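The sequence and its predicted three-dimensional model are supplied below.
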Amino acid sequence: MASIKIIGGGLSGLTLARNLLDMGFDVKVVETRGRVGGISILDAEAMSIIDRIIGDITVEKYSTAVRVSGLVKIVSSRGVEDVKLGVTATGFRVLTPIELNIVGDRPAGIYPYHTVLDLITENLAPGRYVALYGLNRYSVLLARQLLNYVRKVYIVDPQSVSSHEVSEIEVLKGNVRRVKGTGRLSHILVDGNIVEVDTLILAMFKPWNPFPELPAVGHAVLEVYDPRALVEASRLQAINLACEDSNKVRVYVSNPEIQVFPRQVSRCLREILIVRRSGGKIMVNGRVYNVTGDYVIVEIPRDVESVQVSSV
């Protein structure tokens, strides 16, 4: 069996590694940090999965992937290694202030989510009065953890409706429009309201695959927050990678609110993952399915030339 490098040691990368190892592949996971778990380290459900599967998975920590002269390479203390067969499992990136239309001063105290996650793993607090911009599974987990370190935590939610339970944390509805402060952040403007904080954590995410020439899995390609969906996506990708049939079935999606994984399906794979975070009905090749949570696994009919996915 071929040797596969998986770039990223979070839930998706490790789950993919477990599946591929069980299929007989030689697998190595490359992780830039000194720990595994990625964005999921505060997620008890995700970490219980990782603890159960990690076993004999080889993880090369403090290593990173870079592109040199058009080639993807692994850089570590052992030197430089070419990636002949790899998968990107790098996870989310955080939207920038420019992308979020935040203007104002340029004070200290504005952090991307992952930086604060690294800080609290070292028992360091980012500030005393903290606002997280974005309401999702990961921001709620971080906010609850920050209650052990700071005096006050807000979550600013630009959406009018949320399914997340955050009864112990004050949620402010609106958009962060402006940041103010000389030296250190002093307050933010949430629509028309001034909120006095010394720390703003950006917690809106976007899938990120820095190596688009490689197949991707998990948050590198999907915006979904349920750990079970990430586990399913890794299982499907493992089947896809193991297939020796080069013929692919293409998946077409007509609604931008619907995510499908994978978008090219091998003849060996008879299922796809469909994410629709608002739930509702979808149609796959003329058949209607109901998405009751964030996602559904749909069986693909055999001998089809393409798969058409749309809303109902």
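Cool, the structure landed. Numbers count the residues shown, from 1 in each chain.

Could you grab the helix/strand/coil label for the closest residue in space to Leu14 that isn't next to it in sequence?
In space, and not counting its chain neighbours, Leu14 is closest to Ile50: 5.6 Å by CB to CB, 6 or more residues apart in numbering. Every C-beta, even on glycine, is put in place using the N, C-alpha and C of the backbone. Following DSSP: H, G, I helix; E, B strand; the rest coil, we place Ile50 in the helix state.

which residues touch Ile50?
The neighbours of Ile50, taking CB atoms under 8 Å, 6 or more residues apart in numbering as the test, are Leu11, Leu14, Val36, Gly37, Ser40.

how close does the third one get to Ile49?
It stands for Val36. Remark: distance between Val36 and Ile49 (CB to CB, to the nearest Å) = 12 Å.

for the helix-or-strand element of the chain with minimal mean pLDDT, which positions count as buried?
Lowest on mean pLDDT, DSSP states H and E among the helices and strands of the chain sits strand 264-266, with a mean of 87. By neighbour count with 16 or more other CB atoms under 10 Å, strand 264-266 contains the buried residues Val265, Ser266.

Figure out how far it is from the centre of its chain.
Strand 264-266 has its average C-alpha position 22 Å from the chain's average C-alpha position, going by CA atoms, centre = their mean, to the nearest Å.

Then stretch 22-32?
In terms of CA atoms, centre = their mean, the centre of stretch 22-32 is set 19 Å apart from its chain centre.

In the stretch 101-250 of the chain, what residue spans correspond to strands?
103-104, 110-112, 129-133, 152-157, 170-173, 176-180, 187-190, 193-195, 199-202, 205-207, 248-253 (DSSP state E, counting those that start in this stretch).

Compare those strands and give me the one nearest Arg18.
Nearest to Arg18 among these is strand 205-207; the distance by CB to CB comes to 21.8 Å.

contacting residues around the closest one?
Identification of contacts with strand 205-207 by CB under 8 Å, 6+ apart yields 92-95, 113, 134, 136, 138, 216, 219-223.

try 6 Å this time
Phe92, Arg93, Leu95, His219, Ala220, Val221, Glu223 (CB atoms under 6 Å, 6 or more residues apart in numbering).

What pairs with it, parallel or antiparallel?
In the sheet, strand 205-207 lines up against strand 92-94 (antiparallel) (DSSP bridges).

Check the average confidence over the strand it pairs with, would you?
Across strand 92-94, pLDDT averages out at 96.

which residue packs closest to Tyr149, ignoring adjacent ones?
Nearest to Tyr149 is Ala125, by CB to CB, 6+ apart, at 3.8 Å.

The one you found touches Asn148, doesn't it?
No. Using CB atoms under 6 Å, Ala125 is not in contact with Asn148, being 8.9 Å away.

Which one of these two is surrounded by more residues?
Neighbours were counted for Ala125 and for Asn148 using other CB atoms under 10 Å; Ala125 has more, 15 against 9.

Leu147 versus that one, what's the distance?
As judged by CB to CB, Ala125 and Leu147 stand 11 Å apart.

about what we covered before: immediately after the least confident helix or strand of the chain, which helix or strand?
Next in sequence after strand 264-266, counting helices and strands by DSSP states H and E, comes strand 271-275.

from memory Gly91 sits against Gly38, does it?
Yes. Counting by CB under 6 Å, Gly91 touches Gly38, with 5.2 Å between them.
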